[in-house]
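Colleague: below is the sequence, then the predicted model.
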Amino acid sequence: MDFPIRIPLGRWVEIFVNWLTENFSTVFDSIKVVVEFLLVQLDSFFIWVPWPVTLAGLTIIAWMVAGRKVAIITAACLFGLGCMDLWIIGMSTMALVMTAVFISVLFGLPLGILAAKNPRFDMVLKPILDGMQTIPSFVYLIPAIMFFGIGNVPGIIATVIFALPPMVRLTSLGIQQVDQEVTEAGIAFGCTPIQLLLKIQLPLAIPSIMTGVNQTVMMALSMVVVAAMIGAGGLGSKILYSIQRIDLGVGIESGLGILFIAVVLDRILQGITQKQQDAIMHNK
């Protein structure tokens, strides 16, 4: 027995998206140009730098921010990526992830600050973020194709939508968790709202913000693989190829390549976060 009421929500959304596509094509083309420019610059840079320089540079950074153990893990992961002949395509994946993370931080940080400062905005934003995290990632590919066509750019836009919520949530949480006594002391010394934010709240919220960046990177890595279905390059395209051809070897190698990149980025970001937390505890 059919339900007596049928709300054509899907059809309404489709009509709205078609209207946006027809009337704001210039805006979407401009966004595509900017995102593509960022991606091309990063991709060219990562591929241009010789692999020994990249390996040594990231290993030194890992040593400085997270210690010898993480530096050894970083070197081993990057060396493994090269040994499986995945260096070039792995760097393309890195460029895709970094572009998506940069855009996510660019929008997520101010949204998180606004949510922390404005309870009404936070109340409206929370269900939107819940929806962004709950809706299956494949759904984001459809409007991305309609707005931006096939290729890397729609893949990045879909990745940004999927990876943005933790950046917003943890930025807001970090600012809200700043000790109220510290905030009141800043006000007592005559800080303006902007000074209070920039000199007290944001510095104390950096560990939480960096955790948000870390989670955004991990979610971006997972989404970049899905985005290969609409033409995004990188290791995701090899994983998609392995599924289409039922090639277990290519699939395992590509999956390990994603794992190696994830481990390197995660350990380095965790090291930065820990350093910030130690600095805050030392200052206290």
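Modeller: Perfect, thanks for sending it. Numbering: from 1, shown residues only.
Colleague: hang on, isn't Leu129 packed against Thr171?
Modeller: No - in this structure Leu129 lies outside contact range of Thr171 using CB atoms under 8 Å: 11.7 Å. C-beta: built from backbone N, CA, C; applies to glycine.
Colleague: neighbour count winner among the two?
Modeller: Each of Leu129 and Thr171 has its neighbours counted (other CB atoms under 10 Å); Thr171 has more, 27 against 18.
Colleague: quick check: which element contains that one?
Modeller: Assigned by DSSP states H and E, Thr171 falls within helix 152-176.
Colleague: and Phe37, by the same measure?
Modeller: Per DSSP H and E: Phe37 is located in helix 25-48.
Colleague: which elements pack onto that helix?
Modeller: Here helix 25-48 touches helix 87-117, helix 141-148, helix 152-176, going by 3 or more CB pairs under 8 Å, 6 or more residues apart in numbering; DSSP states H and E.
Colleague: go again using 10 Å as the cut-off
Modeller: Helices and strands touching helix 25-48, by 3 or more CB pairs under 10 Å, 6 or more residues apart in numbering; DSSP states H and E, are helix 9-23, helix 51-66, helix 87-117, helix 141-148, helix 152-176.
Colleague: re earlier: so what sits against both of Leu129 and Thr171?
Modeller: Common neighbours of Leu129 and Thr171, using CB atoms under 10 Å, 6 or more residues apart in numbering, are Leu111, Ala115.
Colleague: that older thread, quick one: closest of the helices and strands packed on helix 25-48 to Leu125.
Modeller: Comparison of these against Leu125 by CB to CB identifies helix 87-117 as nearest, at 5.3 Å.
Colleague: list the buried residues of the closest one.
Modeller: The neighbour-count check on helix 87-117 (16 or more other CB atoms under 10 Å) flags 87, 89-101, 103-105, 108-109, 111-113, 115-116 as buried.
Colleague: ok so, going back, how about a markdown table for the helices and strands packed on helix 25-48, with mean pLDDT and distance to Ala205 added?
Modeller: Formatted as a markdown table, these follow (pLDDT from 0 to 100; distance: least, CB to CB, whole Å):
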| stretch | mean pLDDT | distance to Ala205 |
| --- | --- | --- |
| helix 9-23 | 83 | 35 |
| helix 51-66 | 91 | 19 |
| helix 87-117 | 92 | 9 |
| helix 141-148 | 83 | 31 |
| helix 152-176 | 90 | 3 |
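Colleague: quick one: closest of those helices to Met229.
Modeller: Among those, helix 141-148 comes nearest to Met229, with 6.2 Å by CB to CB.
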